[in-house]
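[1] What shape does this take:
(one chain, ligands or ions: 1)
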Amino acid sequence: MDRGVAALNADLIGVAGSRAALETPALLLDATAFEKNVATLAGLAREAGMGLRPHAKTHKCAGIAKAQIDAGALGIACAKPGELLALFDAGVASLMLTAPVSSRRKIDRLVQAAAKGCALSVVADRAGLVADYGAAARAAGATISVLVDCDTGLGRTGVTTPEGAVALARMIAAEPGLIYAGVQAYAGHVQHVHRTDERRAVNRAANEGLSTILAGLAEAGLAPKIVTGGGTGSHALDFEDQVLTEVQAGSYVFMDEGYRPVELHGANGPVFDFSMFVMVTIIAHNAKGEAITDGGSKSFAIDGPPPRAFLNGREIGTIAWVGDEFGKLVLPPDVTPPAAGARIECTVPHCDPTANLHDAIHLVRGDRLEAIWPIEGRGLSD
Ligand SMILES: Cc1ncc(COP(=O)(O)O)c(C=O)c1O
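    Numbers count the residues shown, from 1 in each chain. Got it, this is the predicted structure:
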């Protein structure tokens, strides 16, 4: 990385004690927590006999995608063509686009990646999009896999009936250049329901709707090989229900304050640890003596509960916002604010859009900076 804090921090890689000396605002990935999260979900999926296709909308980072693939992921999911193409250029070969597109130029770029060796799958929610993917694939001399996008309650994209799914699946199967690969049903409305019993009920309703669609497809001789969906909030319930064949969880790799109140597993179950932090520095104190940091809404996505602030590994308070570039440490009355120059590690309100704000993520292990990974898809929401 040749600019920003990543360039300033590059010579600290491998140096003992370098974590505490990083230039900020710096996005951190705690290696121990990250590796634990990746291994934990991979193990749970294996135990459940289900696949994992982690969603890269969360991290947009080839280094993280490759670690997920090394742990057994079937491939990587992406939300937008720009994000997918950036990961392909960075060496991630098996990629699924989980949302429909309506631009022929974007479709052409996607199938050109397939012609260059990307194992590409996409979703379609309407006949016109199937036709466009077919025409583009034939023009590029590529073959791509297409899944029928189903809406089981989120209200975003996808067909809602067995008849709609059968019609699209037939069309995909008949289109030269396309392979009918299965269905997608992402139940986004389930993910952040805090209580497990309530989340289970909403997820079960979604999976029942999906089962009706799957039965219609089976009756028409179009039983899908892949049934993909699910996320961090629903993965354990999807493993229970066994309607999906694979789960697209994304946030589990980092965790954030938005997911913290969601009971992902029972009291004695596994936990995903916070691995993503934004490190900020105290740059000043205001007239009231409050400590001001160098990270605001240009370093944190602020659409979630406030970050918790850690000094030398100890939780000391939270962060409030005092501008796009600045934050303020909110401390209990008896705690003295740290001095200017102190580094504070903060959890993030919402991990996905926070990753999107940074050029690179600093992989830290213990007290040292181990590597700096570019976030190749950063800023690409096209
Ligand atoms: C289609 C799709 N799949 C998977 C996910 C991952 O969800 P989570 O970050 O809750 O694991 C998302 C998140 O928005 C999504 O849109």
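
[2] for residue 36, helix, strand, or coil?
    Here residue 36 is recorded as helix under DSSP: H, G, I helix; E, B strand; the rest coil.

[3] Let me know whether it touches residue 273 as I believe.
    Yes. With contacts counted by Cβ atoms under 8 Å, residue 36 reaches residue 273, the gap being 5.9 Å. The C-beta positions use only the backbone N, C-alpha and C, and glycine is treated the same way.

[4] Around the ligand, which positions in the stretch 201-350 of the chain sit nearby?
    231-233, 248-251 (Cβ under 6 Å from any ligand atom).

[5] Save those residues as TSV, and put in neighbour count, pLDDT and secondary structure too.
    Formatted as TSV, those follow (neighbours: other Cβ atoms under 10 Å; pLDDT from 0 to 100; DSSP: H, G, I helix; E, B strand; the rest coil):
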residue	neighbour count	pLDDT	secondary structure
231	22	98	coil
232	28	98	coil
233	28	97	coil
248	26	98	coil
249	27	98	coil
250	20	98	coil
251	26	98	helix
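
[6] ok, now how distant is residue 204 from residue 151?
    Distance of residue 204 to residue 151, given as Cβ to Cβ, to the nearest Å: 17 Å.

[7] These two - which one has more neighbours?
    Ranked by neighbour count (other Cβ atoms under 10 Å), residue 204 and residue 151 place residue 151 first, with 22 against 16.

[8] confidence score at the more buried one?
    Note on residue 151: pLDDT of 98.

[9] With residue 26 instead?
    So, for residue 26, pLDDT stands at 98.

[10] Looking at the residues of the stretch 201-350 of the chain next to the ligand, spot the one nearest residue 53.
    residue 248 (5.2 Å; Cβ to Cβ).

[11] Contacts for stretch 170-184 next, please.
    Applying Cβ atoms under 8 Å, 6 or more residues apart in numbering, the contact partners of stretch 170-184 are 98, 121, 123-124, 127, 130-131, 133-134, 137-138, 142-150, 158, 165, 169, 210, 213-214, 217, 220, 222, 224-229, 245.

[12] where exactly do the strands run in the stretch 251-382 of the chain?
    276-285, 291-293, 308-311, 314-321, 327-330, 343-346, 360-365, 368-374 (DSSP state E, counting those that start in this stretch).

[13] Let me fix that, I meant to ask about the stretch 101-250 of the chain.
    Using DSSP E, counting those that start in this stretch, strands in the stretch 101-250 of the chain cover 119-124, 144-149, 178-185, 226-229, 246-247.

[14] closest one to residue 71 among the ones you listed?
    Taking the strands of the stretch 101-250 of the chain one by one with Cβ to Cβ, strand 246-247 is closest: 13.6 Å.

[15] Any chance you could list what contacts that closest one?
    45, 50-53, 74, 226-231, 234-235, 238-239.

[16] Next, the buried residues of stretch 278-298.
    The neighbour-count check on stretch 278-298 (16 or more other Cβ atoms under 10 Å) flags 278-282, 285, 291-297 as buried.

[17] right, and the pair among the residues you listed with maximum separation?
    285 and 297 (21.1 Å).

[18] Stretch 128-142: how far from the chain's middle?
    28 Å (Cα atoms, centre = their mean, to the nearest Å).

[19] May I see the buried residues of that stretch?
    129-130, 132-137, 140, 142.

[20] Looking at those, which is nearest the ligand?
    residue 129 (16.1 Å; Cβ to the nearest ligand atom).

[21] And the closest residue in space to the closest one that isn't next to it in sequence, its phi and psi?
    Leaving out its chain neighbours, the residue that sits closest to residue 129 by Cβ to Cβ, 6 or more residues apart in numbering is residue 100, at 5.6 Å. Torsion angles at residue 100 (phi, psi; degrees, to the nearest 10) stand at phi -70, psi 160.

[22] Distance of residue 100 relative to residue 121?
    For residue 100, the distance to residue 121 - Cβ to Cβ - is 13 Å.

[23] ditto for residue 290
    51 Å.

[24] Can you give me the buried ones in the helix or strand harbouring residue 43?
    Assigned by DSSP states H and E, residue 43 belongs to helix 31-48. Residues 31, 33-38, 40-42, 44-45, 48 are the ones in helix 31-48 that count as buried (16+ other Cβ under 10 Å).

[25] Stretch 256-268 too?
    256-259, 262-264.

[26] for stretch 228-245, same thing?
    228-239, 241, 243-245.

[27] Endpoints of it, how far apart?
    End-to-end distance for stretch 228-245, by Cα to Cα, to the nearest Å: 6 Å.

[28] need the contact list for the residue nearest the centre of the chain.
    Nearest residue to the geometric centre of the chain (Cα atoms, centre = their mean): residue 58, 2.3 Å. If you count contacts by Cβ under 8 Å, 6+ apart, residue 58 has them with 250-251, 253-254, 351-352, 355.
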